[in-house]
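> no sequence for this one, just the structure:
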């Protein structure tokens, strides 16, 4: 392999147009992890301290990545190196035994297993105030702030925007945390903010950031201590609402904003679906959407 190919992270060991299946799968995992965290390719490259071209080659399945490069990506994506390289559940005998027990189970069974493990390692049952805290999750533009304020007023409980709490803890807006310290630092502040809100408010409506599902520890904490509601909408509806708000931060400088938005939603969808309840806000007037949400929520809370 020539030096220029090595520098650009391009694999030339196979025939022209032929891709190594391992490198293809590796690139797909990196692309999925990036989308789940809502990062553009440029933002990931900047956070990892590597070239955007190197990341592009890797995601395209032609990147001959070094271990150091993968380690830098893992740090920027706030995940383990094993999660990028392959299946972590092959790392020990216990993992293999646990995987065998869970293998082939449906989503409902896996949810029960996760909840049982959460209860086991938390040392107690779920927070008794959990149903008093309504946490709204979903992408920006789903209606979390608007519907959340209406819901809190109706329930006579505090309305908390988690991003505001993060800003208070950090002393600067979330966008500055990202630019100054990176996504990993932001996720640490996000967990601290959520812990503070849960400790202070036994009853509240909480509007959570769209990427709160990106960190497993934070999302597990949210599911344990809050009754979660996924506010859904189509990618087109999300984009329309974000543009109407004059807020293009997630897509800033990106000529393919809609593709990025769809990729982020696809990467997070399975995690959003773990919410206690989902509600589609698309195609509804605000007043109608609120009344239907409030009615559905009342029925769910009384029956759960």
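Everything's here; your move. Only a predicted model underlies this, so the values are computations on that prediction, with no experimental measurement involved. Numbers count the residues shown, from 1 in each chain.
> Now do the end-to-end distance for stretch 207-221.
15 Å (CA to CA, to the nearest Å).
> which outside residues touch it?
For stretch 207-221, contacts defined as CB atoms under 8 Å, 6 or more residues apart in numbering pick out 36-38, 78, 118, 135-140, 142, 144-145, 148, 159-163, 166, 174, 187, 190-191, 194-195, 198, 222, 250, 264, 268, 271-272, 274. (C-beta placed from N, C-alpha, C; glycine too.)
> which of these are buried?
36-38, 78, 135-140, 142, 144-145, 148, 159-163, 166, 174, 187, 190-191, 194, 198, 222, 250, 264, 268, 271-272, 274 (16 or more other CB atoms under 10 Å).
> what packs against the host helix or strand of residue 265?
Assigned by DSSP states H and E, residue 265 falls within helix 257-272. With contacts defined as 3 or more CB pairs under 8 Å, 6 or more residues apart in numbering; DSSP states H and E, the packing partners of helix 257-272 are helix 21-36, helix 235-244.
> Can you list the strands that the helix or strand just after it pairs with?
The first helix or strand that comes after helix 257-272 along the chain, using DSSP H and E, is strand 277-280. Note on strand 277-280: by DSSP bridges, its sheet partners are strand 227-232 (parallel).
> Measure how the strand it pairs with sits relative to helix 235-244, angle-wise.
Here the directions of strand 227-232 and helix 235-244 differ by 90 degrees (axes from the mean of the first three to the mean of the last three CA atoms, to 10 degrees).
> outside of strand 227-232, which residues touch it?
Outside strand 227-232, the residues touching it (CB under 8 Å, 6+ apart) are 130-131, 133-138, 142-144, 147, 222, 272-282, 293, 297, 301, 304.
> weakest of the helices and strands packed on helix 257-272 by average pLDDT?
Comparing mean pLDDT across the helices and strands packed on helix 257-272, the weakest is helix 235-244, with a mean of 77.
> what sits against residue 27?
58, 59, 60, 61, 63.
> quick one: the helices in the stretch 151-300 of the chain?
162-170, 174-181, 183-200, 216-225, 235-244, 257-272, 286-303 (DSSP state H, counting those that start in this stretch).
> Make a markdown table out of those and add distance to residue 97.
Shown next, in a markdown table, are the helices of the stretch 151-300 of the chain (distance: least, CB to CB, whole Å):
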| stretch | distance to residue 97 |
| --- | --- |
| helix 162-170 | 37 |
| helix 174-181 | 39 |
| helix 183-200 | 30 |
| helix 216-225 | 21 |
| helix 235-244 | 40 |
| helix 257-272 | 24 |
| helix 286-303 | 36 |
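> Which one of the ones you listed lies nearest to residue 82?
helix 216-225 (13.9 Å; CB to CB).
> still on that earlier bit, would TSV of the helices and strands packed on helix 257-272 with distance to residue 205 be doable?
As requested, the helices and strands packed on helix 257-272 are exported to TSV (distance: least, CB to CB, whole Å):
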stretch	distance to residue 205
helix 21-36	25
helix 235-244	19
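> still on that earlier bit, closest to residue 154 out of the contacts of residue 27?
Checking the contacts of residue 27 one by one against residue 154 (CB to CB), the nearest turns out to be residue 59, at 45.3 Å.
> which ones are touching the closest one?
Residues near residue 59 by CB under 8 Å, 6+ apart: 27, 28, 30, 31, 34, 41.
> Neighbour-wise, which one of those residues leads?
residue 30 (24 neighbours; other CB atoms under 10 Å).
> Now do the contacts for it.
55, 58, 59, 73, 77, 84.
> do that again at 6 Å, thanks
58, 59 (CB atoms under 6 Å, 6 or more residues apart in numbering).
> do the same with residue 204
Contacts for residue 204 were tallied using CB under 6 Å, 6+ apart; they are 133, 157, 158, 160.
> Can you lay out these as CSV showing distance to residue 69 and pLDDT?
Shown next, in CSV, are the contacts of residue 204 (distance: CB to CB, whole Å; pLDDT from 0 to 100):
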residue, distance to residue 69, pLDDT
133, 41, 97
157, 48, 97
158, 45, 97
160, 40, 98
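> As TSV, these with distance to residue 214 would be great.
As requested, the contacts of residue 204 are exported to TSV (distance: CB to CB, whole Å):
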residue	distance to residue 214
133	20
157	27
158	25
160	20
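> quick one: residue 154 from residue 167, how far?
26 Å (CB to CB, to the nearest Å).
> same question, residue 215
Distance from residue 215 to residue 167, by CB to CB: 18 Å.
> Contacts for stretch 149-168 next, please.
Contacts of stretch 149-168 (CB under 6 Å, 6+ apart): 148, 173-174, 189-190, 193, 197, 201, 203-209, 290.
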